[in-house]
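Enquirer: Kindly return the folded structure for what I paste below:
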Amino acid sequence: MNTFIHYHTLDLRLHDSPSLHQAHSPNNTSTHFLPIYIFDPRQLDLSHLSNISSPPAPRAGEPAEHQNASLKYQPKSTRCSPLSRVGGFHRTSPYRLKFLLEAVFSLRESYRKSGGDMLLACGPPEVILPKIVDQLKKDEGKIEGIHAQREYTVEEISNYRRIQSSLDEEIVLHDSKTLIPPKHLPFKPELDTPDVYTEFRKQVEGLGIGLNEMLVKPLDTAKPLNGEIKTKGKLKPFPKIEAEMLNLKEGQGGIIGAEETLEGLYVKLVKPLLDNPPIGGWSSTSSPKEGTPNLHPKSAIPFKGTEVAALERVDDYIGHANGDKWEEGMKARHYKETRNGLLGEGFSTKFSTWLCLGIISPKVIGWRVGELLEKEGKDKEVWKNVYWILFELLWRDYFQYTVLKTSLTPSSKSKSQLRDPLNPNSSLFNPDGFSSQISTYPQNLRPNPSEWEKSNLEDPNDNARRWCEGRTGVPFIDANMRELVQTGWMSNRGRQNVASFLTKDLYCDWRIGAEFFEMNLVDYDTCSNWGNWQYQAGVGNDPRSSRQFNPIKQANDYDEDNGFVRTWIPELERVGDEYVQTPWLINDKSKLGDYPSRPIVELPSWKKHYPNQPPHRNRGKAKGNGKGPKGGRNGG
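Expert: Next comes the predicted model:
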């Protein structure tokens, strides 16, 4: 027996799978194919599963291995944990957990429908995987290879390194995470990724915005058929693994039995979350009496975490070719016009909900966009809308490659180290962010972390806590935060506004916001989430570090009919439309019920956008210095 192992991490799909392609190529000598997914106690609290030790704490006494100890700001002494470093938040929510389990269990079912299977296990991967390898090598068995998707972030890289140190076999990493593979870029991403997105985009688009130019054709390894995902050919046999023969010690975990259901595993994994709800609480639909939670009835992402659902969304949103005609895809044709919307599932692609776990390949989305543009891109209206989907996919790539570049310390940029695919992480999670490594970043414009408000999340009146709980007294901010907690989703427009408010209006540590998003966002992606938070806080790639959103102007522009705020803040139902976005201006405060009668902060630049101001004064841009208000705090 010669086994090809594919260790699934953030690539929970069958389509566009390099490992699946290689394992079943004609010249591959493997006789068996073993896909495996391991629930890691550093990522999830697995304490209610059998033979699992208590999860590690978010802070450790020793510096995290492979982290740059010379960086100026804490935390440098950290390790992987189901709790976040700064705020002590859970690192997942019931909704995120449900979506992950849907992805894992549906992937296993897809493997089974194609003649194979997938092994599920729990415990430290550096313990579980070597034990499985040892069992497969008994009786003259061989390992053809151990394959996984390349990652660029510290925990995933450290995970691979721990596994590698426990194995004789080399882990083979595949570049299947990004729209544009590293080798296809017009520069070396580990050295030359530009410091500004616009320059990155221009260089990449210089390859040509088209099929087989910038866009790389995905591998044809699987496709949807009658509501199922089927591989191109029949899978190689699944090897027999005997759980009792792994000889795992106490607390090291084990194999999750084939009889375990999604619902049964969810109940065990969600218990630590429900037993210890965070500030802001969980969604009102997160605690069913049995089984997994229903989605909130007002959710903008009424989707399942399955490969079928992801590919169906591509068909629905972008459409597909049928002979000489292009069918469906009307949503993509209006993408730029609608992408700043706030209500409903159709205003933006929502592809990020599946991209974050690799349930869908970005190449599949990009290729479909390229096909649509090739068919109908001569229509200016089609082009100016559909192109922006590629624009956003490139933003995702940009954050991946920025993390790669900033993860290489000066000493590791030698030729020999560049051959090492596992690079150390440095500044993604640090207060001064990427800006500490960008030489062109103006020093005098950077925020100073030592001047940030010292948050005490135990205090009900703490500014950061009120932000988390959606009770700042600024309805546009609070509505977005409540939608996040209740549904696991927030629009891009909302994310920019609430991040600006926390970091620029309240001048709080941006990492509290990034961690709160990590806990709640169903579409949480490490590079995109932390990269975007750095960008908004002025410590990342934004050349304008003082960029600040005016929440009143933004509300007037993007929630003109007050529909969004009224959806998520029922306390304002007695307030007339004129003052819904500025309820502190009404005379009769009894109409506000339990809603704050005054905003947590009020900036002078907001006032020209208040009701009954001369029309010409409503067209100004939001202004601010990025360092919070001067004497503008009102409490309440």
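Enquirer: Identify the residues contacting the residue lying closest to Asp459 once chain neighbours are set aside.
Expert: Excluding the flanking residues, the one nearest Asp459 by Cβ to Cβ, 6 or more residues apart in numbering is Arg465, at 6.6 Å. Quick note: C-beta positions are derived from backbone N, CA and C, even for glycine. For Arg465, the contact set (Cβ atoms under 8 Å, 6 or more residues apart in numbering) comprises Ile279, Ser455, Asn456, Leu457, Asp459.
Enquirer: now these: which count as buried?
Expert: Ile279, Ser455, Leu457 (16 or more other Cβ atoms under 10 Å).
Enquirer: So the second one: helix, strand or coil?
Expert: When you say that, I think you mean Ser455. With DSSP: H, G, I helix; E, B strand; the rest coil as the basis, Ser455 sits in coil.
Enquirer: ok, for it, nearest residue in space, not its chain neighbours?
Expert: Here the residue nearest Ser455, using Cβ to Cβ, 6+ apart, is Ala464, at 4.0 Å.
Enquirer: distance of Ile438 from Ala537?
Expert: Computed as Cβ to Cβ, to the nearest Å, the Ile438 to Ala537 distance reads 14 Å.
Enquirer: So the two - more neighbours on which side?
Expert: Taking other Cβ atoms under 10 Å, Ile438 and Ala537 do not tie; Ala537 has more neighbours (32 against 19).
Enquirer: Go ahead and confirm the more buried one touches Gly433.
Expert: Yes. Under the criterion of Cβ atoms under 8 Å, Ala537 makes contact with Gly433 at 7.2 Å.
Enquirer: any weak-confidence spans in the stretch 151-300 of the chain?
Expert: 289 (pLDDT under 70).
Enquirer: Check the chain too.
Expert: Judged by pLDDT under 70, the stretches of the chain that qualify are 59-79, 289, 408-426, 440, 615-636.
Enquirer: Quickly note the distance from Ser110 to His8.
Expert: Counting by Cβ to Cβ, the separation of Ser110 from His8 is 12 Å.
Enquirer: actually Lys234, sorry about that
Expert: 20 Å.
Enquirer: And Lys223, by the same measure?
Expert: Distance of Lys223 to His8, computed by Cβ to Cβ: 19 Å.
Enquirer: For Lys234 and His8, work out which one has more neighbours and name it.
Expert: His8 (25 against 11).
Enquirer: For the more buried one, list the residues it contacts.
Expert: Counting by Cβ under 8 Å, 6+ apart, His8 makes contact with Pro35, Ile36, Tyr37, Leu107, Met118, Ala148.
Enquirer: Mind checking which of these land in strands?
Expert: Secondary structure assignment by DSSP state E places Pro35, Ile36, Tyr37, Ala148 of these in strands.
Enquirer: ok, Asn247 - contacts?
Expert: Contact analysis of Asn247 by Cβ under 8 Å, 6+ apart lists Lys131.
Enquirer: likewise the one 4 residues further on?
Expert: When contacts are counted by Cβ under 8 Å, 6+ apart, Gly251 is found next to Asn51, Ile52, Ser53.
Enquirer: how about 6 Å then?
Expert: Gly251 is in contact with Ser53, counting by Cβ atoms under 6 Å, 6 or more residues apart in numbering.
Enquirer: and the gap between it and Met245?
Expert: Remark: distance between Gly251 and Met245 (Cβ to Cβ) = 19 Å.
Enquirer: Can you name the next helix or strand after the helix or strand hosting the residue nearest to Ser455?
Expert: According to DSSP states H and E, Ala464 maps onto helix 463-468. Downstream of helix 463-468, the next assigned helix or strand under DSSP H and E is helix 475-487.
Enquirer: Need the residues that contact the very next helix or strand once past that following helix.
Expert: Of the helices and strands lying after helix 475-487 in sequence (DSSP H and E), the nearest is helix 492-500. For helix 492-500, contacts defined as Cβ under 6 Å, 6+ apart pick out Asn340, Ile477, Asn480, Gly513, Trp533, Gln536, Gln548, Phe549, Pro551, Gln554, Tyr558.
Enquirer: Report the buried residues of helix 492-500.
Expert: Applying 16+ other Cβ under 10 Å to helix 492-500 flags Arg493, Gly494, Arg495, Gln496, Asn497, Val498, Ala499, Ser500 as buried.
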